[in-house]
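Chemist: based on what follows, work out the 3D shape:
(one chain, ligands or ions: 1)
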Amino acid sequence: MSTAAIQQIDISSFLEACEKGFPDYTTTTGHKLFPQVIDGEWSKACVWCGAVPAQKCNEEVFICSHGHWKAFVTLPEYVAWGEQAQAADIAYSHALVEWREAGKALGAQHKALTQKEEQLQFAIGDWMVTGEDRGYIASHSHCNYPEAERVTGYSLSSLRNFAYVARHVPASIRMDAVSFGIHQLVAPLKNIEDQKRILQKAAAENLSVAKVRELVKNLPSTIVPKTKDEHDLANGRSPFGSLNAEIKKVGPDIVIASQRLNTWWERVGPMTHKEEEALQLMLPRLSNRAKTAEHIREAATRLMALADRVESYQLAPPEPKPVQEEVAA
Ligand SMILES: [Zn+2]
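Modeler: Numbering: from 1, shown residues only. Predicted structure coming up:
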């Protein structure tokens, strides 16, 4: 049967009858089919001649031992159904292939954009570093960072981050094949050889960000500035002039650490009038007072342990001089 002729056959009534088990169906060739389901029960009668017993075939119809299955499967509507199903299958797999290809193309575009964006991030970072070093810009608001934000279209925090990474990962060891995010992870490392080794490993083994985070975890590193003030401190330039001498004396890491602890002391400090008011309002509304009290006591226990640690801390005694050195001297 030609495809054109098959397309003319309306198989919807056949499919509908098929689903109900042919309770009342006459084929396009004028043959009355025997019901496969009667009152919800399988009739086990041959779909073609009505003889029993019969076996169920792969199209969910019963068939006797006289090969009537063949008569059934050569029905024009059955053939048309098969061809339509096949055509639908082909259309489906074509659509699937097309959809996959579209995804691949988008992925390639994303990769290209990301690569371009990453090159741009370093370019902007280097530009920021130049501006910082020449004193054109600093992180605090009145010193041109907003202008950098305006001209580049990146947020302040992104710009600070680009500058930080650009400053701490020299151009000579950056790897094109490695994402900016990974460069960001190696930026705090104290040892440039560690940075270089990890970037090369990341490029060679196509390491994930998570894997690199694992690698750098226990390597000696500097404190990563989180706020604009810390960023300025890390660059050795404080918006508060009084800290500059301190930075020269003990280094930015110690100054940042001390500022962070100060902020924290403030947070764990005694309750003020405002907080007392808030507590008055919240006390009748706390859904689980016992649990809240437990949290507070737990925090207090940790603070007590910390107090002990601070109080009992002792500087390590100076290392005894190696004997060899004395001999050599
Ligand atoms: Zn039969």
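Chemist: surely residue 59 is in a strand?
Modeler: No - counting by DSSP: H, G, I helix; E, B strand; the rest coil, residue 59 is not found in a strand; it is coil.
Chemist: would you indicate which residues of stretch 199-207 are buried?
Modeler: Applying a neighbour-count criterion of 16 or more other CB atoms under 10 Å, one finds 199, 202, 207 buried in stretch 199-207. C-beta: built from backbone N, CA, C; applies to glycine.
Chemist: just for the stretch 1-150 of the chain, where's the confidence low?
Modeler: Where the stretch 1-150 of the chain drops to pLDDT under 70, the residues are 1-8, 138-144.
Chemist: and if we set it to 80?
Modeler: Residues of the stretch 1-150 of the chain meeting the criterion pLDDT under 80: 1-10, 135-147.
Chemist: in it, which spans are helices?
Modeler: 3-8, 12-20, 68-73, 76-133, 145-152 (DSSP state H, counting those that start in this stretch).
Chemist: so of the ones you listed, which one's packed in deepest?
Modeler: Per-stretch averages of neighbours, counted by mean count of other CB atoms under 10 Å, single out helix 68-73 among these, with a mean of 17.
Chemist: how about the residues of this structure by the ion?
Modeler: Residues of the chain lying near the ion by CB under 5 Å from the ion: 46, 48-49, 51, 64, 66, 68.
Chemist: domain ranges for this protein?
Modeler: What automatic domain parsing lists as the domains of the chain is 8-74, 110-216, 228-267.
Chemist: just to revisit the earlier point, generate a ChimeraX selection restricted to the buried subset of the residues of the chain next to the ion.
Modeler: This is the ChimeraX syntax for the buried subset of the residues of the chain next to the ion, where burial follows 16+ other CB under 10 Å:
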select :46,48,51,64,68
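Chemist: returning to what we had before: what's the closest of the buried residues of stretch 199-207 to the ion?
Modeler: Nearest to the ion, judged by CB to the ion, of these is residue 207 at 67.1 Å.
Chemist: residue 163: neighbour count?
Modeler: Residues lying near residue 163 (other CB atoms under 10 Å) number 26.
Chemist: next structured bit after the helix or strand harbouring it?
Modeler: In the assignment (DSSP states H and E), residue 163 maps to helix 156-168. Next along the chain after helix 156-168, taking DSSP H and E as the criterion, comes helix 180-186.
Chemist: contacts for that next one?
Modeler: Applying CB atoms under 8 Å, 6 or more residues apart in numbering, the contact partners of helix 180-186 are 117-118, 121-122, 161, 165, 169, 174-175, 194-195, 198-199, 202, 207, 209, 212-213, 216.
Chemist: for residue 256, list the residues it contacts.
Modeler: Here residue 256 is in contact with 223, 225, 230, 233-234 (CB under 8 Å, 6+ apart).
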